[in-house]
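A.B. asks: Quick one, fold the following:
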Amino acid sequence: MSKVVVFNQTGSADVLEIQDVVVASPGPNEVQIAVRAIGINRAEIMYRTGQYVIEPQFPARLGYEAAGVVQAVGTSVTEFAPGDSVSVIPAFTFSDYGMYGEIVNAPAHAVVKHPQNLSFEQAAASWMMYVTAFGALIEYGNLKAGDHVLINAASSSVGLAAIQITRMRGAIPIAMTRTGDKRALLLEAGAAAVVASQEQSVAEEINRLTAGKGIQMAFDPVGGPGVAEIAKAMSDGAIFFQYGALDSRDLSVPVFAILGKHLTFRGYELFEITTDAEKMARAKAFVSEGLRTGALQPLIDKTFPLEHIADAQRYMESNGQVGKIVVTV
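C.D. replies: Here you go, the predicted structure:
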């Protein structure tokens, strides 16, 4: 028997229930994990509220990210064995798997051994955010030393991961946030500078910070009309990665900026990496090395016990965190 989190209708965090269920033996290509920590993901909020890319089928499970100890493996699994400390990377749909529970089954391709210098809480806080940032900045963006990168919603877990990866690459991270309240925290987290979008002219400030050269890359989960200001500060041939829709309005992009500076605007999502075996292997190797050496250090904002999973999701919805929200099991 295992305690798992389910919901039977869409709505607020109040719809979440903890139930005792029998967990099946792992299938041929599955790994069974005794979960020690869970990373909270904004996609889980969207799924719970009926705003995600797939509709929940009730009773619905949740959870993309977890860390724990392998308890059993399927007959076709050779990379893992009982006793291994592992993490789960989002590489499946909620209709197939959910990581919110004491004992869970996960597809083997989504599992990775985490460096032994990490706690389970740190491991649960790491993989989604670092792989997401890796995919855009390194796999597709080919980030180079000396490049200026604008990172919007920089205090999120993915934003902080992007700051660290940018630094790791020898490039220059410019953090963007709505107000200056988090300026000191973002500078301490490694940002070279901070732009407060509600308090400053974004284009003017970026151009000032880059001595008029502009940014070579933007990494943005917000979007909306504010993208026009970012476009004005992009250098010739720069690329803009849109990886979320916190502002669901259409992007506003000046056409002459696109034409005159040959700009690229690209939609991007984590699953482009995690559903491609070769890209996933490169991501695992890059992140593992960064975590092992300490170049990548996950920041945990707050932890909650499993029985307070609803409070953990409410806290994410308040948008007050700096770093990852983790649930301990």
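A.B. asks: was I right about Val22 contacting Val4?
C.D. replies: No: with contacts counted by Cβ atoms under 8 Å, Val22 stays clear of Val4, the gap being 10.2 Å. Using the backbone N, CA and C atoms, a C-beta is placed for each residue, glycine as well.
A.B. asks: So which of those two has more stuff around it?
C.D. replies: Set Val22 next to Val4 and count neighbours by other Cβ atoms under 10 Å: Val4 wins out with 24 against 7.
A.B. asks: ok, Asn177 - contacts?
C.D. replies: No, residue 177 isn't Asn; it's Thr. Remark: with contacts taken as Cβ atoms under 8 Å, 6 or more residues apart in numbering, Thr177 is in contact with 153-155, 183, 186, 194-197.
A.B. asks: Name the weakest-confidence residue in those residues, if you would.
C.D. replies: In terms of pLDDT, Ser155 ranks lowest among the contacts of Thr177, with 90.
A.B. asks: and that one, how many residues sit next to it?
C.D. replies: Counted with other Cβ under 10 Å, Ser155 comes out at 26.
A.B. asks: go on, the one 4 residues further on?
C.D. replies: Close neighbours of Gly159, defined as other Cβ under 10 Å, add up to 26.
A.B. asks: The stretch 201-329 of the chain: helices as residue ranges?
C.D. replies: Counting by DSSP state H, counting those that start in this stretch, the segments of the stretch 201-329 of the chain that form helices are 202-209, 227-232, 255-261, 271-274, 277-293, 309-317.
A.B. asks: Switch the ones you listed over to a markdown table; also include distance to Tyr64 and mean neighbour count.
C.D. replies: Shown next, in a markdown table, are these (distance: least, Cβ to Cβ, whole Å; neighbours: other Cβ atoms under 10 Å):
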| stretch | distance to Tyr64 | mean neighbour count |
| --- | --- | --- |
| helix 202-209 | 31 | 18 |
| helix 227-232 | 27 | 22 |
| helix 255-261 | 34 | 12 |
| helix 271-274 | 10 | 20 |
| helix 277-293 | 15 | 16 |
| helix 309-317 | 13 | 19 |
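A.B. asks: and the ones you listed, which one's lowest on average pLDDT?
C.D. replies: Note on the helices of the stretch 201-329 of the chain: helix 255-261 shows the lowest mean pLDDT, a mean of 91.
A.B. asks: That concludes my questions; thank you for your assistance.
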